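*Asks:* need a structure here:
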Amino acid sequence: MKGTVTVIGLGSMGSALAQAFIAKGWQVTVWNRNRDKVNAFVEKGAIAAASAAAAIAANELTVICVSDYQTADKIIKTPEVESVLKGRTLVQLSTGTPKEARELEAWAGRHGATLLNGDILAWPRQIGTDEATLTISGNEAGFTAQENALRALGNLSYLGAEPGLSAVLFAAALSYLAGSWIGFVHGALIAENEGFSAEKFGELIHDISPMLAVESKHMGRVIEKNSFSNPESTVDTTGHDLHLLVQHSEEAGISKELPLFAADLFQRAIDAGYGKEEHAAIIKVLRKVS
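*Replies:* Model (predicted):
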């Protein structure tokens, strides 16, 4: 046995975390509001805790994965849990905001515990493999002490001691993913409306994904340096294409919600005088919150 760990929350992701620990030789204590899920893990060799407080008291390290910080707070911010926190490490892998992460670390510190905030960049099926990445922020000594255990879950990216950093990066990644998911679905809508296979469209995006990865890296660099000159594609060009996408949607009789939103954003950048810069320059419009 490599060591002991507690997992609180046995939804799809929490179950994947618990299973990964078990598969890597860790003794796992589990707690979940749904007792049937707990029993399923007892059959796999886990130890059932009678309460969240008992689960946290059982081991030095507890990994929490529920829907969000508000749900986690209802479980752990109780007198019973607070009485057993001293000297323990909590790794919060539920989804939350940077502000919530900072507040949770302060709460843990008041009760003598170490709090690491993390986010999972993977699907449940990838947990425990090299395909999974977890970002972690918070106390560096606390991370170092638990790094070996957490590596059972996938690749780790420690971002620094500031507790909200992981949530910052997750929010940024979610923004990218939301845009790409909506864009893909609209593309699939275009394809199926013309009798073309959505699956074939997905294969195309897969095939050009290395180019898309390079483009993402490039955009991050030019935004960081605030340097948008010498573009291969301008805001003007992309804006024109997006107006054509609106036209296509109207002609095809399909939803034009996404094209209208995108075309409007690029048009605002053109109107602001950024038309000859590369398309990442639309961030200049987004920076100006009305």
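
*Asks:* what domains does the record give for the chain?
*Replies:* According to automatic domain parsing, the chain is divided into the following domains: 3-160, 169-286.

*Asks:* Most tightly packed of these?
*Replies:* domain 3-160 (a mean of 19; mean count of other Cβ atoms under 10 Å). Glycine gets a C-beta too; all of them are placed from N, C-alpha and C.

*Asks:* okay, how far is it across that one, tip to tip?
*Replies:* Start-to-end span of domain 3-160 (Cα to Cα, to the nearest Å) is 25 Å.

*Asks:* elements contacting the longest helix seen in the chain?
*Replies:* Longest helix in the chain by number of residues (criterion: DSSP state H): helix 165-193. Packing contacts for helix 165-193, counted by 3 or more Cβ pairs under 8 Å, 6 or more residues apart in numbering; DSSP states H and E, involve helix 98-110, strand 114-121, strand 133-138, strand 155-160, helix 198-207, helix 235-252, helix 257-271.

*Asks:* which residues sit against the helix or strand following the third one?
*Replies:* In the C-terminal direction, the helix or strand that comes right after strand 133-138 (DSSP states H and E) is helix 140-150. Contacts of helix 140-150 with the rest of the structure, by Cβ atoms under 8 Å, 6 or more residues apart in numbering, involve 2-3, 5, 21, 26, 61, 89, 91, 114-116, 118, 134, 136, 156, 158, 160-161.

*Asks:* got the angle between helix 140-150 and strand 114-121?
*Replies:* 50 degrees (axes from the mean of the first three to the mean of the last three Cα atoms, to 10 degrees).

*Asks:* quick check: angle from helix 140-150 to helix 98-110?
*Replies:* Using the same axes, to 10 degrees: helix 140-150 against helix 98-110 is 100 degrees.

*Asks:* For helix 140-150, C-alpha coordinates in PDB please.
*Replies:* Extracted as PDB, the C-alpha positions of helix 140-150 are listed here (Å, rounded to 0.1, in the frame of the first residue of the first chain):
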ATOM      1  CA  GLU A 140       4.100  25.300  -2.000                       C
ATOM      2  CA  ALA A 141       5.200  23.200   1.000                       C
ATOM      3  CA  GLY A 142       1.700  21.600   1.200                       C
ATOM      4  CA  PHE A 143       1.800  20.800  -2.500                       C
ATOM      5  CA  THR A 144       5.300  19.300  -2.300                       C
ATOM      6  CA  ALA A 145       4.200  17.100   0.700                       C
ATOM      7  CA  GLN A 146       1.200  15.700  -1.300                       C
ATOM      8  CA  GLU A 147       2.700  15.700  -4.800                       C
ATOM      9  CA  ASN A 148       3.400  12.000  -4.900                       C
ATOM     10  CA  ALA A 149      -0.200  11.100  -3.900                       C
ATOM     11  CA  LEU A 150      -1.700  13.600  -6.400                       C
END
